[in-house]
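Here is the input, now give the coordinates:
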Amino acid sequence: MKLRLLAVGTRMPSWVTDGYQEYAKRLPHDCALELIEITPGHRSKSSNAAKAMQQEADALAKAIRPNDHVVALDVLGKPWSTEQLSGHLADWRMSGNDIALIIGGPDGISPELLSRARQRWSLSALTLPHPLVRVLVAEQIYRAWTLIQGHPYHK
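Got it, this is the predicted structure:
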């Protein structure tokens, strides 16, 4: 199983890159987390946000492989405890499919792309900055893996 984090946005501040990499590098090879950055759609005062969102959806759709189990990070998704995430991670590992975790752009994830998701995961009812979500997802994946392994990090 490969975990791929498909995230709209490029040129992150160093604290985001460092935070993400800190947790991603802790994961073992059989549970590696790979970041795929998607260029944001063009936005300006005169442009249509829906057009930018569609550009992002098209790029995200191209990055999703045919057999990927798609999980959308969505404020309207289900909140998972760390224990529930570790259960999902264990199930994903047993399924044999690769996992595509999707973080949308400033306007979210398009409805057609959301319909491809087998699961929708909400990190919080709060609106979180998308760069921070990368770090939170990497840390929670690492924490869930340590829970499966019986490692004391989770405590």
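
Just the helices from this structure, written as ranges.
14-24, 49-63, 82-95, 111-114, 130-149 (DSSP state H).

Of those helices, flag the one that's most buried.
helix 130-149 (a mean of 20; mean count of other CB atoms under 10 Å). In short, each C-beta sits where N, CA and C put it, glycine included.

how far out from the middle of the chain is it?
10 Å (CA atoms, centre = their mean, to the nearest Å).

Could I have the CA atoms of it written out in CSV?
Provided in CSV are the C-alpha atoms of helix 130-149 (Å, rounded to 0.1, in the frame of the first residue of the first chain):
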residue,chain,number,x,y,z
HIS,A,130,-4.7,24.1,3.9
PRO,A,131,-0.9,24.2,4.6
LEU,A,132,-1.5,23.2,8.2
VAL,A,133,-3.7,20.3,7.1
ARG,A,134,-0.7,18.7,5.4
VAL,A,135,1.2,18.7,8.7
LEU,A,136,-1.9,17.4,10.7
VAL,A,137,-2.6,14.6,8.2
ALA,A,138,1.1,13.4,8.2
GLU,A,139,1.2,13.5,12.0
GLN,A,140,-2.1,11.7,12.4
ILE,A,141,-1.1,9.0,9.9
TYR,A,142,2.1,8.5,11.9
ARG,A,143,0.2,8.5,15.2
ALA,A,144,-2.3,5.9,13.8
TRP,A,145,0.6,3.7,12.6
THR,A,146,2.3,3.9,16.0
LEU,A,147,-1.0,2.9,17.6
ILE,A,148,-1.2,-0.2,15.3
GLN,A,149,2.4,-1.1,16.2
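
Let me see the mean pLDDT of it.
On average, the pLDDT along helix 130-149 is 96.

same for it, what does it pack against?
Under the contact definition 3 or more CB pairs under 8 Å, 6 or more residues apart in numbering; DSSP states H and E, helix 130-149 sits against strand 3-8, helix 14-24, strand 33-38, helix 82-95, strand 99-103.

angle of it against helix 14-24?
Between helix 130-149 and helix 14-24, the angle comes out at 20 degrees (axes from the mean of the first three to the mean of the last three CA atoms, to 10 degrees).
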